[in-house]
Each structure stands twice: as structure tokens, then as C-alpha cells.
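Asks: Need coordinates for the following:
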Amino acid sequence: MLYQALKDQNDIEHNVFSLLMDGKNGALEFGTFESALVRSPSQLVFVPLADRSSSWNVKVDGFRIGLAIFNTRLFQDKDEPRTTGYTLSYTSLARLESGSPHISLPPNLYEVIMRRLLRDKRHSVENGNLYWGPCNATSYESLYLLIGETYFEIPPSTYVTSLEKDGKCLLAFRESEDRRWHLGAPFLRNFYSVWDDKNGQVGLGPHLTSPITRVHTTRISDLPRPTNTITLRDFLRSNLRRIAIVAF
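Replies: All right, here's what the predicted structure looks like:
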């Protein structure tokens, strides 16, 4: 990795670099970052690395689909709220990967999330569990990941790809080969990112042309735990009979 090589040669001041991946005017800077590239300086949120001995892993504490009322139910009846929210009862790591063209989801959550995103939509599953759905990105909801005390949005405009077949477009999600989330370009394109190796943290904030207007900060204590939060094992048993339960 270029950063590691420069760091080993002591050529980077403060052991930090910043990355902008907006699809048009990308930028990579070593030794500094520019808060002017974020929609608002207050929207540049720093989250701690989960493990300093490994590369750029952060902890995911939960996820939600949509931003309405927080709700833990899935696929129960036609009157079910369109929002799904869930706090994870175990340590779930996500690796930030600027070189990856997709987002990989943990195997025990992959089908949960894909079925919810594609609910009531015509779709197909091909080539090793790849999902194809409507090409109109406005028909989908955003996926939000709770990292630290902040929800970071993955909007449909970045996960519905332009690869089309039989009137459907490929979604930029994959099933992870391990139990981690792997947050590639479809995630990072939404943010100006600051990779602060010295202080063991990563800063993420919507860049000036991002489809995201803000990040949503919440306190863990505001989420419905423990009374409205079930273990992931029980959650999957009650909602997805076809998914094999992953032992924790």
C-alpha cells in the first residue's frame, strides 16, 4: 500500500491521509485533510478503529433501513412499518476498502438486508447469490450503518449500479467470505474520509457533491435495548427460516 510505504520512510507528516471519491474530482492527500471539502465541518465525524493491530476496521453496532420509526420487525404482515432497525448484540467489524467496487455484508445478515431492500420489488438472484432489481434508484430505501454513535447512509444512488440485464440492474452488495462488513467504493463515494493512523480513527463526512446531506448522530442509549432488542440468533430464527444460523 502506498500509504504504508511512505509511512515506513517517514515521508508523511502526522501519519494521516484523506480521500475524496466523488466519481469525477477524486483527490488523495497525504499528511493533511481539508474540512472545506465537507458539506459542514460539524458533519465530519471521527470514529475509533476497532483494532489498531489490523487495517482500518471499525465496529458496526447496528443497521437500519429507512429513517422513520425504529422498528425491529421484518416480514410479519402487510401493515408492517417500512422501516427496519436492529442493534447488534455482538461485535461486528467493518473494514474500509477504497479499492473494492462493492459492499460485502456478513453472511448471517446478507439475505435479511437484501430481502428487505427488495421487498415488493421484482428481482432475481443469479451467479452465486447476486441480486438484480429495478434500475430506478428512487424506488429503494437507504441502508444506514450505526458506527460509534452515528448512522452513516448508503443511498440507493450508489448501490444500484448501471450494469443492466433483462430490465434489471445489479445491486452493489455481496455476501462476505468472512463475518465482517467490507465497505468499498459504493460506501466511500458518499463521504470525504480522513484516515488518521496516529490517533487510531477514521473521519467520515458527506462531501460537497454527495447525495447525502448529513449524517445522523444518536446515542446508543436511545436505541431500544434491551427490552426491544433480541439476539441475532433469535431474530433470524423468527424471521428467516431459510437462513442457516451462524453460531456465535
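Asks: For the rest of this, base every contact and every neighbour count on C-alpha atoms.
Replies: OK.
Asks: which helix is the longest one in this protein?
Replies: Longest among the helix segments of the chain by residue count, using DSSP state H, is helix 107-117.
Asks: This structure: helices as residue ranges?
Replies: Using DSSP H, helices in the chain cover 2-8, 107-117, 156-159, 185-188, 232-239.
Asks: The spatially most central residue of the chain: what's its closest spatial neighbour, skipping adjacent residues?
Replies: With distances taken as CA atoms, centre = their mean, residue 145 lies nearest the centre of the chain, 5.1 Å away. Counting by CA to CA, 6 or more residues apart in numbering, residue 145 lies nearest to residue 63, which is 4.5 Å off, once chain neighbours are set aside.
Asks: residues near the one you found, how many?
Replies: 20 (other CA atoms under 10 Å).
Asks: Roughly how far does it sit from residue 194?
Replies: 22 Å (CA to CA, to the nearest Å).
Asks: same thing with residue 210?
Replies: Residue 210 is 16 Å from residue 194, by CA to CA.
Asks: Between these two, tell me which one has more neighbours.
Replies: residue 194 (26 against 18).
Asks: Enumerate the beta-bridge partners assigned to the more buried one.
Replies: Beta-bridge pairing of residue 194 under DSSP bridges involves residue 18, residue 203.
Asks: I'd guessed it sits against residue 203; true?
Replies: Yes - here residue 194 reaches residue 203: they are 4.6 Å apart, a contact under CA atoms under 8 Å.
Asks: got any ranges where this structure has weak pLDDT?
Replies: For the chain, the stretches flagged by pLDDT under 70 are 1-14, 23, 52-54, 68-84, 218-248.
Asks: at 80 instead, please
Replies: For the chain, the stretches flagged by pLDDT under 80 are 1-15, 22-26, 30-32, 51-55, 67-90, 128, 216-248.
Asks: I appreciate the help and will end here.
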